[in-house]
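A.B. asks: below is the sequence, then the predicted model.
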Amino acid sequence: MAELLRFRDDEPVDHPAVTVDAFLDQSNAAAVRIEPGDDARALIPHLDHVRLVEVNFPAFTDGRGYSAARVLREAGYAGELRAVGDVLVDQLSAMRRCGFDSFAPDRPFDPADADAAFRHWPHVYQPAADGRVPIWNLRHGTDNG
Amino acid sequence: MKIVTGNDLKTGAVVWWTGVDWSIHVEDAVDAGEQAEDIATREEAARRVNAPYVIEGEKTAEGVRPAHIKDRIRALGPTVRPDLTLKPADPTAGNWVI
Amino acid sequence: MYKYDQYDQAMVDARVAEFRDQVRRRLEGKLSEDQFKPLRLMNGLYLQLHAYMLRVAVPYGTLNSRQMRALADIAEKYDRGYGHFTTRQNIQYNWIKLEDAGDILADLAAVEMHAIQTSGNCIRNISSDHFAGATADELVDPRPYAELLRQWSSFHPEFLALPRKFKIAVIASEADRAAMKLHDIGIRIVKNDAGELGAAFYVGGGMGRTPMIAPCIREFVPLDQLVTYAEACLRVYNRHGRRDNKFKARIKILVHELGADEYTRQVEEEFAHLLDQGIEPPRAELERIKTFFADPAFETDLPEDIDRSDPEFALWVDRNCVAHKAPGYVSAVISLKPVGGIPGDASAEQMRLIADLAKRYSFDELRVMHTQNIVLPHVRKADLHALWSALDEAGLAAPNLDQVDDIIACPGLDYCSLANARSIPVAQQISERFAANGKGKILGELKLKISGCINACGHHHAGHIGILGVDRKGVENYQLLLGGSEADDTSLGKITGPGFDEAGIVDAVEKATDVYLARRQDGERFLDTYRRIGMEPFKEALYG
């Protein structure tokens, strides 16, 4: 098991995640793993009993997992969202913004580099799944009228 | 001959494998033979070169000549700016490329 | 002009620090080249034929004299004294050292510039109409919308690893001076029947190996939903764009394979969902941005007369000066296409001169055109002779806007590691040929565009005459295309037949123009004659 970097206080799920197909067949599993080609929206009807969604990044250049993460957070999913696979330190900030709250990289991060990555951006331009207030709201407040 | 070429990691300069080190002058390139790919892999891992690759070339009376025009342009510099090539004093240097 | 506030400045400063750290980790071996490459590309840094190349963003093509001077300083301090203006309104330097890259980005940040997302599989610099804010034919100035999209797309966390690069252009007039329909997303600001402003979205255009003209997928997106709609377009692409084949990964292939109707349906579904997510900026932000693009203080009661007694000056005025919305003003185009020159290249001295002239004659404003020229957008007619004299002295007064020698050319095999053939020498020889035989003066509007490979950075598909360099068994070979246009009458050129060698392609271009000169009717441009008489007469002249 890869080293886990986790930003949650609850107990991690202690059993392996099942594939989306297996999950949809017998949807009582609490942990499911999304591959890049899977439709994250297929999980939405069943999210109330999911506690861990792993999003696999077989190659760090494949960005579909970022959309998968936001889709799940936008659907109200509040469980653990874990990026696994070819996850690199320079992606951590964007992944966190898309809603990931744990990371299981194939190769462990340098802790100092990971820490710096999360603290790097003083502001953000656009809203995402992390609740950070975008610059345009800092300029004008939150009123959208 | 098999020539190993790439770019210097820090400066980006075009470089050629001389048998012991890297040179910006294609004339210094050696035939790396069957070792060529291994040299490229080893030197890249040691960060002495960036994006190395192996090309064909031949030794001619004028020196080492890469087989493809792209590598001859890399060896000399842009044909449209003779002043920025490695042979700025030689206005006919560009003929070697073509 | 847009000015950074503390937030914009903090973001570019943070980017500089981030990239310095990434370079450090690369040099220390913590990052492999495979891992580092997407990071350096998203900071505009390529590994090219001779060295690293840095592409600096000129958002929507607009900059001021201080910024232009900073570009000149970078050319001298870190490069070899020149830069190359590109077909996406950016500038690139050819001889950059990786170890200098952080310092260059810091120098750029000091003048509110950056190289963010000028390469890589992300949303690139937003381009726009080079006459924005100056032309009479625009509905509004499109640049505030481009700036809003610049902010939205900068470091967008969901769209940093797209299937492929993503280019957006924004215009606001019927005339298209930004090749809008040949972008991944082209946006035209329009007015609906109720008199409200909105955005028409054209999605899935592009050049490259599979050129496509973007279909309009939505004729009117209300302005307070603009960012949300763009986000929906991008999300559908990020989720469903092809990743199995790099050559089929652009959004044009997705739109083509799904069909525009199905792509649109998916976007609309995503859009309906995203409307509830609160991602649209507050309306006040667009209003804030607009204040930066207010008209400069144009003088009134200016003379309209121009003393045309100097014929060379008069020719330059006729060719290079474009009507302005304010009486007594024009937009003046500074050609970077002298006969025999390298299209788009400018030396540091030329950049400084252009900066000075912008400060003196154009309210301190400059534009980079996608045709690789520079515009002084707001020049008093009364100042034109002085401006022209200064340009002429510096070799910058070629009177050739949209003429046969106003050639778009990519850097080609002289600089680019992707190229198959050299583009610049062909451009040089064509401009010299048409200067020597005098035909250049009588051809009228003729847009000639040269790419050194199928990636089409030189827009060869969209040239009235296009040239594509290919590699034929290790020898440079050039295909000729006719009938393309990047303007509002967008069309894609067709290949005439077998290619030519370097000397042969110059002859072929001349033969094609001879057909036009022999067959043209009153007022017809080359493109019009081609469209009327078709390919056959040209083929006959070329191969018959």
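C.D. replies: Now that the structure is in, tell me what you want to look at. Numbers count the residues shown, from 1 in each chain, chains lettered A, B, ... in the order given.
A.B. asks: give me the low-pLDDT residue ranges for chain A?
C.D. replies: For chain A, the stretches flagged by pLDDT under 70 are A:1-2, A:27, A:142-145.
A.B. asks: I'd like the distance between the residue in it that chain C sits nearest to and A:Asp86.
C.D. replies: Residue nearest to chain C within chain A: A:Gly63 (2.8 Å; C-beta to the nearest C-beta). Using the backbone N, CA and C atoms, a C-beta is placed for each residue, glycine as well. Look at A:Gly63 and A:Asp86: by C-beta to C-beta, to the nearest Å, they are 12 Å apart.
A.B. asks: go on, A:Cys98?
C.D. replies: Separation of A:Cys98 from A:Asp86 (C-beta to C-beta): 16 Å.
A.B. asks: what about those two, which has more around it?
C.D. replies: Between A:Cys98 and A:Asp86, counted using other C-beta atoms under 10 Å in any protein chain shown, the more crowded position is A:Cys98 (27 against 17).
A.B. asks: report the rounded mean pLDDT for the longest helix that chain B contains.
C.D. replies: Ranked by residue count under DSSP state H, the longest helix found in chain B is helix B:36-45. The average of the pLDDT scores along helix B:36-45 is 97.
A.B. asks: A:Leu92 and chain B, how far apart?
C.D. replies: Distance from A:Leu92 to chain B, counting by C-beta to the nearest C-beta, to the nearest Å: 24 Å.
A.B. asks: phi and psi next, for that residue.
C.D. replies: phi -60, psi -40 (degrees, to the nearest 10).
A.B. asks: which parts of chain A are helices?
C.D. replies: A:20-25, A:64-74, A:92-98, A:111-119, A:135-140.
A.B. asks: rebuild these as TSV, extending it with distance to C:Ser335.
C.D. replies: What follows is the helices of chain A, written out as TSV (distance: least, C-beta to C-beta, whole Å):
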stretch	distance to C:Ser335
helix A:20-25	58
helix A:64-74	44
helix A:92-98	42
helix A:111-119	46
helix A:135-140	39
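A.B. asks: what's the closest of these to C:Leu254?
C.D. replies: Across those, C:Leu254 has its closest neighbour in helix A:64-74 (13.1 Å, C-beta to C-beta).
A.B. asks: what's next to that closest one, contact-wise?
C.D. replies: Applying C-beta atoms under 8 Å, 6 or more residues apart in numbering or on different chains, the contact partners of helix A:64-74 are A:34, A:36-38, A:40-41, A:43-44, A:47, A:53, A:55-57, A:81, A:83, A:94-95, A:98-100, A:128-129, C:157-161, C:235, C:238-239, C:243, C:273, C:277.
A.B. asks: ok, now with 6 Å
C.D. replies: A:34, A:36, A:40-41, A:55, A:57, A:81, A:98-100, A:129, C:158, C:235, C:238-239, C:277 (C-beta atoms under 6 Å, 6 or more residues apart in numbering or on different chains).
A.B. asks: can you verify C:Leu480 is assigned to a helix?
C.D. replies: No - going by DSSP: H, G, I helix; E, B strand; the rest coil, the assignment for C:Leu480 is strand, not a helix.
A.B. asks: could you count how many residues lie near it?
C.D. replies: The burial count for C:Leu480: 26, using other C-beta under 10 Å.
A.B. asks: C:Gly523 too?
C.D. replies: 7.
A.B. asks: state the pair within the contacts of helix A:64-74 that is farthest apart.
C.D. replies: Pairwise distances across the contacts of helix A:64-74 (C-beta to C-beta) peak at 23.7 Å, for the pair A:Phe57 and C:Gln277.
A.B. asks: buried sites along stretch C:518-535?
C.D. replies: C:520, C:524-531, C:533 (16 or more other C-beta atoms under 10 Å in any protein chain shown).
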